[in-house]
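[1] next one to model:
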Amino acid sequence: MSELLARITVDPQRMHGRPCIRDLRITVADVLGLLSAGQSRESILEDYPYLEDADIDAVLAYAARQLDHPIIAAK
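    Numbering: from 1, shown residues only. Have a look, this model is predicted:
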């Protein structure tokens, strides 16, 4: 999992600090948006030839990890 997550980079000087794929100018949100719009993995890789299959895996792993925060209820 850490190998996948290493593909996601955050640099305040690139894309306003949004999480990007391998220091490229494509964000995690860009790829998630394409997937949620129904684009297949294959079509994304065809449209963005500098992306690799593992980059899409990394985006999904990163998103899953971001959403997996414990919620503590206040009494």
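
[2] was I right to think residue 24 contacts residue 50?
    Yes. Between residue 24 and residue 50 there is a contact under C-beta atoms under 8 Å: 6.4 Å. C-beta: built from backbone N, CA, C; applies to glycine.

[3] looking at those two, which is more packed in?
    residue 24 (16 against 11; other C-beta atoms under 10 Å).

[4] that one: what's it in contact with?
    By C-beta atoms under 8 Å, 6 or more residues apart in numbering, the contact set of residue 24 is 50, 51.

[5] SS state for it?
    coil (DSSP: H, G, I helix; E, B strand; the rest coil).

[6] separation between it and residue 10?
    The spacing between residue 24 and residue 10, counted by C-beta to C-beta, to the nearest Å, is 13 Å.

[7] and for residue 69?
    Taking C-beta to C-beta, one finds residue 69 at 17 Å from residue 10.

[8] what mean pLDDT does the helix or strand where residue 54 lies have?
    In the assignment (DSSP states H and E), residue 54 maps to helix 53-67. When pLDDT is averaged along helix 53-67, the result is 95.

[9] what's it packed up against?
    helix 2-5, strand 8-9, strand 20-21, helix 28-36, helix 41-47 (3 or more C-beta pairs under 8 Å, 6 or more residues apart in numbering; DSSP states H and E).

[10] any buried residues in that helix, and which?
    55, 56, 58, 59, 60, 61, 62, 63 (16 or more other C-beta atoms under 10 Å).

[11] of the helices and strands packed on helix 53-67, which is nearest residue 74?
    helix 28-36 (29.9 Å; C-beta to C-beta).
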